[in-house]
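K.L.:
give me the fold of what follows.
(one chain, ligands or ions: 1)
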Amino acid sequence: MWNEKKYHSLDYEMKKIFGEKAIKLIIDGGFTCPNRDGTAGYRGCIFCSERGSGDFSSERCKSIEKQIEEQKQIMSGKWKSSTYIAYFQSYTNTYDSVENLRKRFYEALDCENIKGLAIATRPDCIDEQVLELLSELNSKTFLWIELGLQTADDKTAEFLRRGYKTQQFREVCSQLKNKNIRTVVHMIMGLPGEIKTDMLNTVKYVAELNLWGVKIHMLHILRGTDLADYYMQNPFHILTLEEYVDVVCDSLELLSEGTVVHRLTGDGKKSDLIEPLWTLHKLKVLSDIDKTLKIRESYQGKKFSL
Ligand code: SF4
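P.N.:
Predicted coordinates:
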């Protein structure tokens, strides 16, 4: 339905819009996070890596321009395209003064062939002024905002030390929607204490908001995180590949056909990954999802209803 896929992939969407593949360049804007500087907490989300979940970005001490150049070089060995999206991924990318944020984002936009911006942040870091800036950027470039919901269950979120309530996520999504700003939500499958019904409840919650995009990840237990310590002391069930594929296919069925699927597998740093090791076989995960949808004679949106 979406070229060869049974789900609405980001690759399909980008080719439709830009006429070619869009390559994401991972930038570290030099920001921190309220979950780490003491505003909402000091130790971050329980699963967050040392680099604020931006393990593949360039070094933060380098200018945005330099990082973009470096990333372009790395990516040019992999893909041939001149459409780039500057992806501010590490930490919380709207957590600074509006002047500084503006400076950073325009520094990226001014680089050659940057056709869009992707900004990862948290709902509690989007106030009126930030919203205005995002709206301004949205009128100038192809913009999307990424929000890490992970789960719609506030109890699990508390365990994760997410640092904001699900209701706040809903409110900010609606403010972004009112400004016609594309929103992408991250969800994590296999969180401690959650069973399949809980995971699908999060997906239903997101489906009901009918956002522009989603990222579905498997929980990664990475060395050096508090989650790794917790897992050593309280081993909990890690989804098998088969269980993950099953819940992802159920999730795709529940989402609207129009929702762009940005990711169905996570990228953990191989050397830091404790569990689940099957996530290292990204192509197998994706191919098993394709096969399962085919066997089910199913596709994204099959069970979507508002
Ligand atoms: S909000 Fe993001 S950067 Fe901050 S601690 Fe959580 S995962 Fe890490």
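K.L.:
right, and D153 touches T197 too?
P.N.:
No: using CB atoms under 8 Å, D153 is not in contact with T197, being 10.5 Å away. The way it works is simple: take the backbone N, C-alpha and C, and place the C-beta from them, glycine included.
K.L.:
these two: which is more packed in?
P.N.:
D153 (19 against 7; other CB atoms under 10 Å).
K.L.:
which of the helices or strands spans the spatially closest residue to the more buried one that is not a sequence neighbour?
P.N.:
Leaving aside its sequence neighbours, D153 sits nearest to D198 (CB to CB, 6 or more residues apart in numbering; 5.9 Å). Using DSSP states H and E, D198 sits within helix 196-209.
K.L.:
and if you look at I23?
P.N.:
strand 22-27.
K.L.:
is any residue of that strand near the ligand?
P.N.:
No: Strand 22-27 lies apart from the ligand when judged by CB under 6 Å from any ligand atom; the minimum separation is 13.8 Å.
K.L.:
residues from the protein in reach of the ligand?
P.N.:
Near the ligand, when you scan the chain using CB under 6 Å from any ligand atom, you find C33, N35, R36, G44, C45, C48, G52, S53, Y91, T92, R122, G148.
K.L.:
contact partners for the nearest residue to the last one once chain neighbours are set aside?
P.N.:
Read it as G148. Closest residue in space to G148, ignoring its immediate chain neighbours: H186 at 4.5 Å, by CB to CB, 6+ apart. H186 sits next to E146, L147, G148, L149, Q150, V214, K215, H217 when contact means CB atoms under 8 Å, 6 or more residues apart in numbering.
K.L.:
how about those in CSV, adding pLDDT?
P.N.:
Output for the contacts of H186, formatted as CSV (pLDDT from 0 to 100):
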residue, pLDDT
E146, 98
L147, 98
G148, 97
L149, 98
Q150, 98
V214, 98
K215, 98
H217, 96
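K.L.:
doesn't D272 make contact with G224?
P.N.:
Yes: taking CB under 8 Å as the definition, G224 is a contact partner of D272 at 6.8 Å.
K.L.:
what residues are shared contacts of those two?
P.N.:
By CB under 8 Å, 6+ apart, G224 and D272 have these common neighbours: S49.
K.L.:
looking at those two, which one has more neighbours?
P.N.:
D272 (16 against 11).
K.L.:
against K165, how distant is that one?
P.N.:
30 Å (CB to CB, to the nearest Å).
K.L.:
what ranges do the strands span in the protein?
P.N.:
22-27, 83-88, 114-121, 142-150, 182-189, 213-218, 221-222, 260-263, 273-275 (DSSP state E).
K.L.:
mind putting the ones you listed in a markdown table, distance to E136 included?
P.N.:
Output for the strands of the chain, formatted as a markdown table (distance: least, CB to CB, whole Å):
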| stretch | distance to E136 |
| --- | --- |
| strand 22-27 | 19 |
| strand 83-88 | 16 |
| strand 114-121 | 12 |
| strand 142-150 | 10 |
| strand 182-189 | 15 |
| strand 213-218 | 21 |
| strand 221-222 | 36 |
| strand 260-263 | 23 |
| strand 273-275 | 39 |
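K.L.:
what's the closest of the ones you listed to M1?
P.N.:
Smallest distance to M1 across these (CB to CB): 12.2 Å, for strand 260-263.
K.L.:
what's the closest one packed up against?
P.N.:
helix 10-18, strand 213-218 (3 or more CB pairs under 8 Å, 6 or more residues apart in numbering; DSSP states H and E).
K.L.:
one more time with 10 Å
P.N.:
The contact analysis (3 or more CB pairs under 10 Å, 6 or more residues apart in numbering; DSSP states H and E) places strand 260-263 against helix 10-18, strand 142-150, strand 182-189, strand 213-218, helix 241-254.
K.L.:
can you report how many residues neighbour A228?
P.N.:
Other residues lying near A228 total 17 when counted by other CB under 10 Å.
K.L.:
kindly report the same for I74.
P.N.:
I74 is flanked by 14 other residues according to other CB under 10 Å.
K.L.:
what's the end-to-end length of stretch 248-268?
P.N.:
18 Å (CA to CA, to the nearest Å).
K.L.:
please apply the same query to stretch 290-304.
P.N.:
19 Å.
K.L.:
related to what we said a few turns ago, so which elements touch the helix holding D198?
P.N.:
Applying 3+ CB pairs under 10 Å, 6+ apart, one finds that helix 196-209 contacts strand 142-150, helix 154-160, helix 166-178, strand 182-189, strand 213-218, helix 241-254.
K.L.:
same thing but at 7 Å, please
P.N.:
strand 182-189, helix 241-254 (3 or more CB pairs under 7 Å, 6 or more residues apart in numbering; DSSP states H and E).
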